[in-house]
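> I'll drop the sequence and a predicted model, then ask my questions.
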Amino acid sequence: MDIQLLYFEGCPHWQTALENLRTALQQAKLEWPVELVKVEDDETASRLKFLGSPSIHVNGTDLWPEERQQYSLSCRLYHTPEGPKGSPSVSMLRQAFQHLESD
């Protein structure tokens, strides 16, 4: 699996997302490498269909996709079991991985 964590420098949540992602992979006993992708401008955001920082893509597809007309450097909110957060929880990531493995 090709996993990318997309972020921009001013995002305060991408490091938590990376930590949660690594924890979820370890708990699931998955040895998938994670590539960090720094999004530096709106042109790159548009090309990558960047939904905000942090975003996690697996094989080029966002784990929590949504349709947009425009893409830009922005922070992203996730609807977690604990309420809105700036990064997905470990349990959300584990569920996403289980779904990927069953496909």
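Yes, it's here.

> From here on, just use CA atoms for contacts and neighbour counts.
Fine.

> Give me the below-cutoff pLDDT ranges for this structure.
Residues of the chain meeting the criterion pLDDT under 70: 101-103.

> Quick check: closest non-adjacent residue to the residue most central in space within it.
Nearest to the mean C-alpha position of the chain, counting by Cα atoms, centre = their mean, stands Ile56 at 2.1 Å. In this structure, Ile56 finds its nearest non-sequential neighbour in Leu5, 4.6 Å apart by Cα to Cα, 6 or more residues apart in numbering.

> and that neighbour, that's in a strand?
Yes: the assignment for Leu5 is a strand, going by DSSP: H, G, I helix; E, B strand; the rest coil.

> so who does it touch?
Counting by Cα atoms under 8 Å, 6 or more residues apart in numbering, Leu5 touches 18, 34-37, 54-57.

> And Lys38, by the same measure?
6-9.

> what's the answer for Glu31, then?
Leu25.

> where does it sit relative to Met1, distance-wise?
9 Å (Cα to Cα, to the nearest Å).

> go on, Glu40?
25 Å.

> again with Glu19
Glu19 is 18 Å from Met1, by Cα to Cα.

> what do you get for Leu18?
From Leu18 over to Met1 (counting by Cα to Cα), the distance is 16 Å.

> and these two? which has more neighbours close in?
Neighbours were counted for Leu18 and for Met1 using other Cα atoms under 10 Å; Leu18 has more, 21 against 12.

> Doesn't the more buried one belong to a strand?
No: according to three-state DSSP, Leu18 belongs to no strand; its state is helix.

> which residue packs closest to it, ignoring adjacent ones?
Closest to Leu18 by Cα to Cα, 6+ apart is Leu5, at 7.2 Å.

> ditto for Ala28
Arg94 (6.9 Å).

> buried ones in the strand or helix carrying the one you found?
Element membership for Arg94, per DSSP states H and E: helix 90-102. Across helix 90-102, burial judged by 16 or more other Cα atoms under 10 Å covers 90-94, 97.

> Having no further points to raise, I will conclude here.
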